[in-house]
Each structure stands twice: as C-alpha cells, then as structure tokens.
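Visitor: Whatever this is, show me its structure:
(3 chains)
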Amino acid sequence: MKSYREEVWFNAKSRREYINITETVQETINKSGVKEGLCLVNAMHITASVYINDDERGLIKDYDQWLEKLAPHAPVSQYRHNDTGEDNADAHMKRQIMGREVVVAITKGKLDFGPWEQIFYGEFDGRRKKRALIKIIGE
Amino acid sequence: MKSYREEVWFNAKSRREYINITETVQETINKSGVKEGLCLVNAMHITASVYINDDERGLIKDYDQWLEKLAPHAPVSQYRHNDTGEDNADAHMKRQIMGREVVVAITKGKLDFGPWEQIFYGEFDGRRKKRALIKIIGE
Amino acid sequence: MKSYREEVWFNAKSRREYINITETVQETINKSGVKEGLCLVNAMHITASVYINDDERGLIKDYDQWLEKLAPHAPVSQYRHNDTGEDNADAHMKRQIMGREVVVAITKGKLDFGPWEQIFYGEFDGRRKKRALIKIIGE
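Guide: Numbers count the residues shown, from 1 in each chain, chains lettered A, B, ... in the order given. You can find the predicted model right below:
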C-alpha cells in the first residue's frame, strides 16, 4: 500500500470565498503514483469546508446567500463563541452545513467523478493563511 | 490491497425520492471479496445524496418536508443558478444538507453497522438516469 | 495492509451532549500500530453525529441553539416519525446537519490535524447507551 500527503495553502482576500481545487487534487494523485485507492481532502481549519459541487457562478452566489440565511454573521453578539473576542461563530456553522472533507475514489489514476463533480475549498473566515490536506492511500 | 468499483443506476419517477441501497452495497462487498476495509458510496451527481439513516416511512416524509423548508424549490426565480435555464438550484442545497457520500467500515466481509443504519440514495432532481459509485478497498 | 476496529460507548445524561473523543481516537490509532493510513470514526446510531470542530464552550452552546432552531424538538407532533411512538425525529435531522462520520488522515502514527481540530461525538437523543465505531486501515 502506498500513501502520499500534501498540503494546499490559501489566502482568501475576502471573508467568504469558494475556490475550485479539482486540478490540484488530480495533480497530487499523479505525483502519488496511486492508480486504485481513496483520496481524502479536508480543511485543516474549522471555519472552512471542502465540498463537491458544480463550478457555476450563479450557484456559488446562491450557496453564499443561503448559508448566510441559515447561519447569519451579524449581529455577532448572538453567538456565545464571539464572547471570546472572535467574530467568526457563523463560520463554524456554515462549515458544518458544507462539510469538512470529501473522500473520493481513484480509478486508473484519475478522480472517479461524474460529469459535473468539482472539488471546492469553501472559506468562511478568510483574510489569513489557511490550508487543506490531501491524503492518498492505495496502490 | 484489493480494490473494486461498481456503479448503481437510478431513474427516479418523481423529483425527490429516497431509495434504500443497503443490500446492493452489501452484495457489491461480497463480489469484491474484501473482508477488512473501507467502502465509499457517493452520488456521482451534484443534486443527489448518499446518506445513512432509518428506513422509516414517517421519517422520510419528515426529511422531505424539512429539506423543502430549509431550501425551498419555489419560487425558482430566487436562485441565480436557475438563470442558466435550470430549475434545480434547491436540489444543490438539499444535497449539501444530506451529504454527497458515506464511508463505511467492512469487518469480516460485512457492513459494520449499528442496528438501524441503512444506506440511502437521496434524489432531489430526478426523472432522469443518474448513478452512484461504490468503491471498495481492503483485503 | 493492517486493519483495526474498536467501539466506544457513551451514556449521555441529557438528551443532547457534545463529547470530545480526540484522545480516545489517538489511543486507538496507537494500539492499531498503523503509521500511514485512514481512520473512520462514525456514530453507530442514527440520532448522533461524529464531527470535527473546536472544543470551545461558547461554540458548543451556539451549535446546540442553532440546531434547535433549524430542527426544533417541540412540538413533537410536527413530525410523522413521532407517530411511531418516538419523540426523536428532530434528532435524526440534527444528525444530518452535523454528519454521521469523519475520515481523518494518519501520518507518522498521529492524527494529521490542523491546530484546532478536535473530534466530537454529538448526541441528540441520549439518556441510553450508544456507541461509535473507529475503523483504521493502513500500514
């Protein structure tokens, strides 16, 4: 069994951002040499997500608005977490909706994907350096 | 390390449907010959989910109503994704709540499950052919 | 390829509880002898979650209140699942928001985590014995 590990760094300019990392994941699979196996991609921070969905500009706007409706940022005083001096409690919730990680199949050295599947890093508390982990196991 | 892959196809008659695929997954594990390992089951489409919960008729109705409350289908004009000619933006959101995939343990050749765990394919934009992926690795 | 399996039992005193199990998972990895691989941690019950987030008292209160807003317990009569004699339909929904499982990377024998990642067992229908599964594969 082979295993391979890589970190991907981000520095989102705004508080919330949605970054397509599909190619980076495929390149990492290429480097790993794994042809059949599983690939875990997870946010290493707890106010960010890795998720799979469509790379369509309208949909990303819809997600952003919908997450803000389900877990509004303001007023920051509504969250006890923000009593610690943070203002990112809402980001911890948005991340739970979108998920921490994806596990994807590797078949013949490729991401084994349906036609529209794209891997995104979803940032909900950006404007600083953060990272995701890619861990690959297989043969 | 062994690996095994299979696709399962669906053609839901209605827009939303919840299909128990537990037996199909167990049969696929049997075919794989894997006794100890992990089994990934994921929707290959981005408006569908694979999730684990109870096969109870009332609960499935509750999920359906609850998802419709959190991410309503109508009016379709509320979503920018639907400006592309689609009417399924809500399905992309429902899928994020219920999740894209499950990863399950295989122990002694069986799904290593608690008493009520059942694997479902949750369709949120049906009435056409769609599929899920089963990928198994182990020994 | 090595594999290792362990169950962790809980008996939450209240209906909802959030228990940090990170050390237990690391100890199980130590016992497994796996240095490079993947570790699946999942609730074996369908009204509980395993999730990764911050061990901060205020945030846990926020999660609890937020989940209650998205999927209220009362009135129990609003859910068809509760017609079966149960009163836990809301717990099945809260669990979908927070997720059933996490998959974490093992690197050099350690949980490969960012600085604040902690693994929690989230109970939404407690006051009885329930369990989570830890399944490890790797080398």
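
Visitor: give me the element A:Lys69 is part of.
Guide: helix A:57-70 (DSSP states H and E).

Visitor: So which elements touch that helix?
Guide: The helices and strands touching helix A:57-70, judged by 3 or more CB pairs under 8 Å, 6 or more residues apart in numbering or on different chains; DSSP states H and E, are strand A:17-20, helix A:89-98, helix B:89-98. In short, each C-beta sits where N, CA and C put it, glycine included.

Visitor: Could you export the ones you listed as CSV, including mean neighbour count?
Guide: Converted to CSV, the helices and strands packed on helix A:57-70 look like this (neighbours: other CB atoms under 10 Å in any protein chain shown):
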stretch, mean neighbour count
strand A:17-20, 17
helix A:89-98, 25
helix B:89-98, 25
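
Visitor: Now render the ones you listed as TSV, adding distance to chain C.
Guide: Converted to TSV, the helices and strands packed on helix A:57-70 look like this (distance: least, CB to the nearest CB, whole Å):
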stretch	distance to chain C
strand A:17-20	17
helix A:89-98	5
helix B:89-98	6
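
Visitor: Out of these, which is closest to C:Gln26?
Guide: Nearest to C:Gln26 among the helices and strands packed on helix A:57-70 is helix A:89-98; the distance by CB to CB comes to 22.6 Å.

Visitor: What's the first helix or strand after that closest one?
Guide: Immediately after helix A:89-98, counting by DSSP H and E, sits strand A:101-107.

Visitor: Would you mind pulling the contact partners of that next one?
Guide: A:25, A:29, A:34-43, A:50-52, A:111-113, A:119, A:136, A:138, B:5, B:40, B:42, B:100-101, B:103, B:133, B:135, C:102-103 (CB atoms under 8 Å, 6 or more residues apart in numbering or on different chains).

Visitor: Residue numbers of chain A in contact with chain B?
Guide: Taking CB under 8 Å from any CB of the partner chain as the measure of proximity, chain A contacts chain B at A:1, A:36-38, A:51-54, A:56-59, A:61-63, A:66, A:70, A:97-99, A:102-105, A:107, A:112-114, A:116-117, A:137-139.

Visitor: Now that we have the residues you listed, which of them are buried?
Guide: A:1, A:36-38, A:51-54, A:56, A:58-59, A:61-63, A:66, A:70, A:97-99, A:102-105, A:107, A:112-114, A:117, A:137-138 (16 or more other CB atoms under 10 Å in any protein chain shown).

Visitor: Next, name the residue at the spatial heart of chain A.
Guide: A centroid search over chain A (CA atoms, centre = their mean) returns A:Val50, at 1.9 Å, as the residue closest to the centre.

Visitor: Tell me the bridge partners for that residue.
Guide: A:Val50 has these beta-bridge partners by DSSP bridges: A:Tyr121.

Visitor: quick one: contacts for it?
Guide: A:Val50 makes contact with A:21, A:41-43, A:99-102, A:119-122, A:132, according to CB under 8 Å, 6+ apart.

Visitor: cool, and A:Lys94?
Guide: A:16, A:47, A:49, A:67, A:70-71, A:122, A:124.

Visitor: What are the buried residues along stretch A:69-89?
Guide: A:70-71, A:73, A:79-82, A:86-89.

Visitor: Quick check: the residue of chain A nearest chain B.
Guide: Closest approach between chain A and chain B, counting by CB to the nearest CB: A:Gly114, at 3.1 Å.

Visitor: How about that residue: what's its closest non-neighbour residue?
Guide: Of all residues not flanking A:Gly114 in the chain, B:Met44 sits nearest, at 3.1 Å (CB to CB, 6 or more residues apart in numbering or on different chains).

Visitor: ok, back up a step: for the residue of chain A closest to chain B, give me the pLDDT.
Guide: We have a pLDDT of 98 for A:Gly114.

Visitor: And A:Leu70, by the same measure?
Guide: pLDDT at A:Leu70 comes out at 98.

Visitor: just checking, it touches A:Gln96?
Guide: No - A:Leu70 is beyond contact range of A:Gln96, at 10.0 Å (criterion: CB atoms under 8 Å).

Visitor: Now name the helix or strand holding A:Lys13.
Guide: Assigned by DSSP H and E, A:Lys13 belongs to neither a helix nor a strand.

Visitor: Confirm A:Ser77 sits in a helix?
Guide: Yes - membership of A:Ser77 in a helix is supported by DSSP: H, G, I helix; E, B strand; the rest coil.

Visitor: In chain A, which residue sits nearest chain C?
Guide: Counting by CB to the nearest CB, chain A gets nearest chain C through A:Met44, at 3.1 Å.

Visitor: Now do the contacts for that residue.
Guide: Neighbouring residues of A:Met44 by CB under 8 Å, 6+ apart: A:7, A:130-133, C:113-114, C:117.

Visitor: and it, what are its phi and psi?
Guide: For A:Met44, the backbone dihedrals are phi -90, psi 0 (criterion: degrees, to the nearest 10).

Visitor: On the three-state scheme, A:Gln26 is what?
Guide: Secondary structure of A:Gln26, per three-state DSSP, is helix.

Visitor: next one: the one 3 residues further on
Guide: Taking three-state DSSP as the rule, one finds A:Ile29 in the helix state.

Visitor: Just to check, it is in contact with A:Leu40?
Guide: No - counting by CB under 8 Å, A:Ile29 does not reach A:Leu40; the two are 11.7 Å apart.

Visitor: Show me the common contact partners of these two, please.
Guide: Joint contacts of A:Ile29 and A:Leu40 (CB under 8 Å, 6+ apart) are A:Ile136.

Visitor: What pLDDT is listed against A:Arg80?
Guide: Taking A:Arg80 on its own, its pLDDT is 98.

Visitor: circling back to that earlier point, want to try CSV for the helices and strands packed on helix A:57-70, with mean pLDDT as columns?
Guide: Formatted as CSV, the entries for the helices and strands packed on helix A:57-70 read as follows, by pLDDT from 0 to 100:
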stretch, mean pLDDT
strand A:17-20, 98
helix A:89-98, 98
helix B:89-98, 98
